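**Q** give me a model of this one.
(2 chains)
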Protein chains: 2
Amino acid sequence: MAQQDAQNGGSENAGDVAATVSFSALKPQLFVEAPKANDAVLFYKAAFGAEEISRSLNPKRKAEHEIPLILSAELKIAGSSILVADIADDSTSPVKSGGNGVVLCLKTGDVEGAIAKAISAGAIAEGEVVEGEGACCGGRVGKVKDPYGFVWLICSTVQKCGGDVEA
Amino acid sequence: MAQQDAQNGGSENAGDVAATVSFSALKPQLFVEAPKANDAVLFYKAAFGAEEISRSLNPKRKAEHEIPLILSAELKIAGSSILVADIADDSTSPVKSGGNGVVLCLKTGDVEGAIAKAISAGAIAEGEVVEGEGACCGGRVGKVKDPYGFVWLICSTVQKCGGDVEA
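**A** Numbers count the residues shown, from 1 in each chain, chains lettered A, B, ... in the order given. Okay, here's the model as predicted:
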């Protein structure tokens, strides 16, 4: 809620779309019904030989959950990364419900520029840019839906989940 | 079916499960309602600076489609690959309907071994292993649904779409 008006940062009209937006990573993020993300991680290790690179936990642990929820666990399979997350029912969670909740997570140094460019190409913004703990390992996160129904999370390159690996 | 001596260490069963199955690539594949895959590719170029690496077309061109359907177009964004495909309404298409049809495409030299291992870990096989033109650039393709609802295409490493790039 704090810094929502960074939206209007430098380029405020849609004509002024930054053609130079660049992206540093693309990772599919799989959202599973809480608190099953930990089980899912174990499954991907057993089924596909996934290697766990990092894991960040939700500091707001719910009484009804025996284990802390996973904000984002990064797994490596065949040299590529996927992210696995519990669906948290709080306002900043980028995905509210399960059911093949695969989104594509794009990291960039210019969240607003990337969103503006996607919108000018035909995407639809969904919600505000927020401090989104649950997406792409944290940082500022915006969401767009492309004309074909796929959801892209546009995330700042700030990395919050490297430190608190916990098994 | 190569060397299956290194069965699984402790977790027995499923008979022939190869603990040594390895994967050479993981790519999300986005299925869009035909014939919009070409539009989707153009959109991903405009919105996210995607670079088209290859494209394979459906040889069975339908009369009602002005442009040939895309079996699989590989795009590179931020160093990672995604595949974009028209949903073909034939029996070998791995996805029959749209609506956030994101599947995870895993390439391996041992399709049956990989499927058996996934199933022994809790996945459910969906259909038979087929010569699936529409998935992962062709080759033999099996499909499993994991316990969390996500669909994984297990594809042989045969690459069919490198040659026929066509814009």
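**Q** which element follows the longest helix seen in chain A toward the C-terminus?
**A** What stands out as the longest helix in chain A, according to DSSP state H, is helix A:37-48. Sequence order places strand A:51-57 as the next helix or strand after helix A:37-48, per DSSP states H and E.
**Q** burial check on A:Ala40, number of neighbours?
**A** Counted with other Cβ atoms under 10 Å in any protein chain shown, the neighbours of A:Ala40 add up to 25. C-beta: built from backbone N, CA, C; applies to glycine.
**Q** that one is in contact with A:Leu30, isn't it?
**A** Yes - contact between A:Ala40 and A:Leu30 holds when scored by Cβ atoms under 8 Å: they sit 7.1 Å apart.
**Q** overlap in contacts of the two?
**A** Contact criterion Cβ atoms under 8 Å, 6 or more residues apart in numbering or on different chains; residues shared by A:Ala40 and A:Leu30: A:Val84, B:Tyr148.
**Q** which stretches of chain A aren't confidently modelled?
**A** Chain A contains residues with pLDDT under 70 at A:1-19, A:61-65, A:89-100, A:132-138, A:158-167.
**Q** care to break it down by domain?
**A** With domains defined by the TED database, chain A comprises A:26-89, A:98-161.
**Q** okay, those in TSV with distance to chain B next?
**A** Listed next are the domains of chain A as TSV, based on distance: least, Cβ to the nearest Cβ, whole Å:
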stretch	distance to chain B
domain A:26-89	4
domain A:98-161	4
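**Q** nearest to B:Ile119, of those?
**A** Among those, domain A:26-89 comes nearest to B:Ile119, with 8.4 Å by Cβ to Cβ.
**Q** can you give the contact residues for whichever strand in chain A runs longest?
**A** Scanning chain A for the strand with the most residues, using DSSP state E, yields strand A:23-33. The contact list for strand A:23-33, computed with Cβ under 8 Å, 6+ apart, reads A:40, A:72, A:74, A:80-87, A:95, A:98, A:101-109, A:114, A:135-136, A:153, A:157, B:28, B:48-49, B:77-80, B:82, B:102, B:104, B:148-150.
**Q** quick one: buried ones out of these?
**A** Listed as buried from these are A:40, A:72, A:74, A:80-87, A:95, A:101-108, A:114, A:135-136, A:153, A:157, B:28, B:48-49, B:77-78, B:80, B:82, B:102, B:104, B:148, B:150; burial here means 16 or more other Cβ atoms under 10 Å in any protein chain shown.
**Q** neighbours around the residue lying closest to A:Ile124 once chain neighbours are set aside, how many?
**A** Nearest residue to A:Ile124 in three dimensions, chain neighbours excluded: A:Lys145, at 5.0 Å (Cβ to Cβ, 6 or more residues apart in numbering or on different chains). Neighbour count for A:Lys145, taken as other Cβ under 10 Å: 16.
**Q** do you know how far A:Lys145 is from A:Leu75?
**A** In this view, A:Lys145 and A:Leu75 are 25 Å apart by Cβ to Cβ, to the nearest Å.
**Q** what do you get for A:Ser81?
**A** For A:Ser81 relative to A:Leu75 (Cβ to Cβ), the value is 7 Å.
**Q** looks like A:Pro147 contacts A:Ala123 (just checking).
**A** Yes - A:Pro147 is within contact range of A:Ala123, at 6.9 Å (criterion: Cβ under 8 Å).
**Q** the two - which one has more neighbours?
**A** Using other Cβ under 10 Å as the criterion, A:Pro147 and A:Ala123 rank with A:Ala123 on top: 25 against 15.
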